[in-house]
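**Student:** Just the structure for this:
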Amino acid sequence: MKDKKYNHSFARRLTRWVIIVLLIMMAALSYLIYATLTSVFVEVCGNTSYSNMRLTGEIISNQMNEVGVAVKNNIFDIERNLGKPDEMQHIVERIVSQNPNIRSCGISFIANYYPNKGRAWCPYARRVDSLKIVNETNSIATNNYLEAEWFKEAVAKDSVYWSKPFFDSHYTNTALAAYMHPVHDKDGRLVAIIGADLSIEFMTNLLEKQDKESTENSFIIISQSFLLANDGTFITHPEKKRILRGNFFDHLRDADNPGLTQQVIKSMRDGEKSHYETDKIILMDRERSYLFYTSIKDTDWILTVSMPTISLDLMGIVVGIMALFIISVILMVTFFVIQLAIKHMSKPLKQLATTADGIACGQLDADLPSIESHDEIHMLRDSFENMQNSLARYIEELKATTAEKASIESELKIAHDIQMSMLPKTYPAFPDRSDVDIYGQLTPAKAVGGDLYDFFIRDDKLFFCIGDVSGKGVPASLVMAVTRSLFRNISAYTQETEQIAMALNDSLSNNNETNMFVTLFIGVLDLTSGHLSYSNAAHNPPLLLAGEQVSLLPCDANIPAGVIYSWEYTEQHIQLNGGDTIFLYTDGLNEAEDINRNQFGMDRVLQVGKTSINNPANLIKAMTTAVQLFVGEAEQSDDLTMLAIQYKQQ
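**Tutor:** Numbers count the residues shown, from 1 in each chain. Okay, here's the model as predicted:
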């Protein structure tokens with residue numbers, strides 16, 4: 001009767017709390033939908049646009065940099081061979097042939113620099129296709145470039161810069177931009193201008209691909225991207241007739257608010273990153289659109305993306321209706337399902353509790369309930385069975401060892417099982433929580449080892465640690481077990497990591513006649529705020545994976561626990577954002593050796609962290625695979641322990 005009342009009360013309490021939480025979520029979601037959904041989608045689309053524009057800008061900038069580097073790498077050759085005019089043609093041909101991004105290249109010398117070559121002489125080469133390079137020195141020499149505005153501008157500037165986009169006589173349908181670099185003689189006098197032409201066609205294709213992918217991914221939002229010169233001239237455009245002929249600023253000036261339009265044009269010219277809602281963009285044939293823009297690195301060009309306002313509004317309505325519908329269905333179904341599920345789950349738990357009482361009284365052969373489901377309760381039942389078998393086997397082996405003085409190999413196996421059972425091994429560790437994901441793995445070098453890790457949650461705070469005991473084998477495993485127990489006991493009374501470290505150090509230092517010590521990293525993560533406080537006792541600094549950035553967590557210099565009594569440890573703090581991951585490890589990772597005694601090293605650890613999926617289980621699996629491939633057939637020289645914690649609260 002008492003058990004039935006307890007189960008009924010538990011089911012009701014859990015159901016009540018689930019319903020309350022869902023109601024709060026629905027109320028909050030409704031408020032967001034009706035109050036701020038449109039602005040949120042504008043911000044999201046803006047961030048996505050800026051991210052895409054940043055990646056696109058980097059691609060454009062990288063290709064332009066490749067052209068600049070190709071020219072700079074040959075400047076020394078040009079200036080060294082100024083006394084050999086015939087060598088100039090070979091240099092420009094080499095620049096064009098070795099750099100597929102360069103359409104043409106020429107060295108325009110000042111008037112009468114080579115009298116025997118004529119007043120104006122320009123060795124020139126252009127690319128016809130991927131294999132054919134044409135030498136047109138003679139035809140260029142007849143062209144009086146000395147009077148051209150671009151040459152006068154380049155001579156006056158006498159510096160490195162990108163020219164304004166233009167149409168060349170050889171590429172009438174493709175806009176080009178030239179990288180201009182001055183050439184000086186040994187006395188520092190300007191003698192020539194070398195220009196390398198880059199086709200802008202790849203930029204047009206790149207932006208068209210970006211718009212297509214954006215439309216396919218969103219199904220609703222239709223975007224159009226284009227690249228502008230600082231004066232508003234189209235550098236790229238889906239309609240090729242507008243390239244270098246149309247002006248985007250002229251379309252903006254037709255808007256209803258000329259004053260605001262001038263501010264936007266100034267902001268775009270100044271290289272700022274922002275967005276603007278315009279009443280009318282004739283170019284896009286839309287009445288209302290959002291305009292996002294930013295600058296291209298190392299140029300005064302402007303990358304712009306336009307999106308219709310109606311698509312963002314429609315997206316907000318669709319998502320809002322779907323969210324409300326899903327929450328409503330969950331609320332209706334939850335009440336009827338939750339009590340049945342809890343009662344069904346509670347029955348085997350009650351049977352397991354009865355069996356556990358029998359085991360505690362020494363009845364190691366007590367019958368365990370038969371559980372058909374393959375969930376956490378089934379795992380718990382298997383754990384009880386493993387515990388029964390392990391205890392029975394341990395007792396029998398202990399008797400045999402005492403009576404016959406047999407080999408201790410079986411004991412070490414049991415010790416390994418017991419040691420592993422002390423560590424968390426059920427994953428996901430907290431299936432009822434969505435704010436944290438955690439995964440750990442320990443691989444001892446011998447039957448038992450001195451590495452440890454542990455974690456638990458108290459008062460919405462995740463307490464965790466990782467450690468490495470000096471030495472290996474049974475002595476290290478005993479210190480490991482003591483350290484893990486001390487961590488659990490001390491952490492139950494305080495959340496200050498330096499207090500945990502100092503108390504643990506004092507306990508290990510007291511009567512430490514074997515002079516064994518343990519390196520430790522202790523952390524407490526507030527799951528409601530993402531605030532992480534930690535103390536490091538001479539352990540390897542963990543990795544912090546924040547988005548695409550991977551770095552070592554800064555750690556103060558401290559001594560290992562168990563060395564000096566009453567040592568005062570320091571506490572450090574850091575703020576984690578949603579999706580950030582902390583990766584902890586022992587030196588068995590970075591110091592893993594192959595058959596030639598080469599170490600795995602921190603560079604490889606950081607590289608695997610950068611290329612792995614930002615998920616604790618996948619991260620550790622990727623790190624394990626990388627170490628195994630590196631070590632090969634070499635014997636494991638040290639315990640290898642890894643623990644990854646991902647904070648998922650937004």
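**Student:** Wait, V160 touches I193, no?
**Tutor:** No. Using C-beta atoms under 8 Å, V160 is not in contact with I193, being 10.5 Å away. Any C-beta I mention is one placed from the backbone N, CA and C, and that applies to glycine too.
**Student:** Look at those two and report which has more neighbours.
**Tutor:** I193 (24 against 14; other C-beta atoms under 10 Å).
**Student:** could you say which helix or strand contains the more buried one?
**Tutor:** strand 190-199 (DSSP states H and E).
**Student:** elements contacting that strand?
**Tutor:** helix 2-80, strand 102-109, helix 149-157, strand 175-184 (3 or more C-beta pairs under 8 Å, 6 or more residues apart in numbering; DSSP states H and E).
**Student:** Select from those the stretch with the lowest mean pLDDT.
**Tutor:** Note on the helices and strands packed on strand 190-199: lowest mean pLDDT is at helix 2-80, with a mean of 70.
**Student:** quick check, distance from the helix or strand following that one to the centre of its chain.
**Tutor:** Next helix or strand after helix 2-80 toward the C-terminus (DSSP H and E): helix 85-98. Relative to its chain's centre, helix 85-98 lies at 43 Å (C-alpha atoms, centre = their mean, to the nearest Å).
**Student:** can you list residues touching both of V160 and I193?
**Tutor:** Counting by C-beta atoms under 8 Å, 6 or more residues apart in numbering, the common neighbours of V160 and I193 are M180, H181, P182.
**Student:** Just put those in JSON lines and tack on distance to L543 and neighbour count.
**Tutor:** Below are the shared contacts of V160 and I193 laid out as JSON lines (distance: C-beta to C-beta, whole Å; neighbours: other C-beta atoms under 10 Å):
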{"residue": "M180", "distance to L543": "44", "neighbour count": "21"}
{"residue": "H181", "distance to L543": "42", "neighbour count": "21"}
{"residue": "P182", "distance to L543": "46", "neighbour count": "17"}
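**Student:** and of the residues you listed, the nearest to I78?
**Tutor:** H181 (9.3 Å; C-beta to C-beta).
**Student:** Bridged to the closest one, which residues?
**Tutor:** I194 (DSSP bridges).
**Student:** Let me see the ranges of the helices in the stretch 551-650 of the chain.
**Tutor:** 587-590, 601-611, 616-631 (DSSP state H, counting those that start in this stretch).
**Student:** Next, format those as TSV and append mean pLDDT.
**Tutor:** Listed next are those as TSV, based on pLDDT from 0 to 100:
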stretch	mean pLDDT
helix 587-590	92
helix 601-611	91
helix 616-631	93
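**Student:** so which of those helices comes closest to I377?
**Tutor:** Taking C-beta to C-beta, helix 616-631 is the member of the helices of the stretch 551-650 of the chain nearest to I377, at 21.7 Å.
**Student:** mind listing what's buried in that closest one?
**Tutor:** Going by neighbour count (16 or more other C-beta atoms under 10 Å), the buried part of helix 616-631 is P616, A617, L619, I620, K621, A622, M623, T624, A626, V627, F630, V631.
**Student:** show me the contacts for the fifth one.
**Tutor:** When you say that, I think you mean K621. K621 touches nothing, counting by C-beta under 8 Å, 6+ apart.
**Student:** What of the first one?
**Tutor:** Residues counted as contacts of P616 (C-beta under 8 Å, 6+ apart) are D437, I438, Y439, T581, A644, I645, Q646.
**Student:** per-residue confidence at the first one?
**Tutor:** In other words, D437. 94.
**Student:** For the strand or helix carrying it, which strands pair with it and how are they oriented?
**Tutor:** Per DSSP H and E, D437 falls inside strand 436-443. Counting by DSSP bridges, the strands paired with strand 436-443 are strand 640-647 (antiparallel).
**Student:** How far away from the center of its chain is the partner strand?
**Tutor:** With C-alpha atoms, centre = their mean, you get 16 Å for strand 640-647.
**Student:** what does the average pLDDT come to for it?
**Tutor:** Rounded mean pLDDT across strand 640-647 is 94.
**Student:** Equivalent analysis for stretch 88-95, please.
**Tutor:** Per-residue pLDDT over stretch 88-95 has a mean of 89.
**Student:** how about the CA coordinates for it, as PDB?
**Tutor:** Written as PDB, here are the backbone C-alpha positions of stretch 88-95 (Å, rounded to 0.1, in the frame of the first residue of the first chain):
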ATOM      1  CA  MET A  88      61.200  41.000 -69.300                       C
ATOM      2  CA  GLN A  89      59.100  39.000 -71.800                       C
ATOM      3  CA  HIS A  90      60.100  35.700 -70.300                       C
ATOM      4  CA  ILE A  91      59.100  37.000 -66.800                       C
ATOM      5  CA  VAL A  92      55.600  38.200 -67.800                       C
ATOM      6  CA  GLU A  93      55.000  34.900 -69.700                       C
ATOM      7  CA  ARG A  94      56.100  33.000 -66.600                       C
ATOM      8  CA  ILE A  95      53.700  35.000 -64.300                       C
END
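**Student:** Can you name the residues in contact with it?
**Tutor:** The contact list for stretch 88-95 (C-beta under 8 Å, 6+ apart) reads 70-71, 74, 77-78, 81, 102, 105-107, 123-125, 133, 135, 137, 194, 196.
**Student:** One more pass at 10 Å, please.
**Tutor:** 67, 70-71, 73-75, 77-78, 81-82, 84, 102, 104-107, 109, 114, 117, 121-126, 133-135, 137, 183, 192, 194-196 (C-beta atoms under 10 Å, 6 or more residues apart in numbering).
**Student:** Could you list the buried residues of it?
**Tutor:** Buried-residue list, stretch 88-95, by 16+ other C-beta under 10 Å: M88, I91, V92, E93, R94, I95.
**Student:** what's the answer for stretch 634-643, then?
**Tutor:** Q636, D638, D639, L640, T641, M642, L643.
**Student:** distance of the second one from A445?
**Tutor:** Separation of D638 from A445 (C-beta to C-beta, to the nearest Å): 5 Å.
**Student:** got any residues that touch both of these two?
**Tutor:** Shared contacts of D638 and A445, counting by C-beta under 10 Å, 6+ apart, come down to D451, K472, G588.
**Student:** Now the buried members of these.
**Tutor:** D451, K472, G588.
**Student:** Looking at those residues, which is nearest A561?
**Tutor:** For the buried ones among the shared contacts of D638 and A445, the nearest to A561 is D451 (14.2 Å; C-beta to C-beta).
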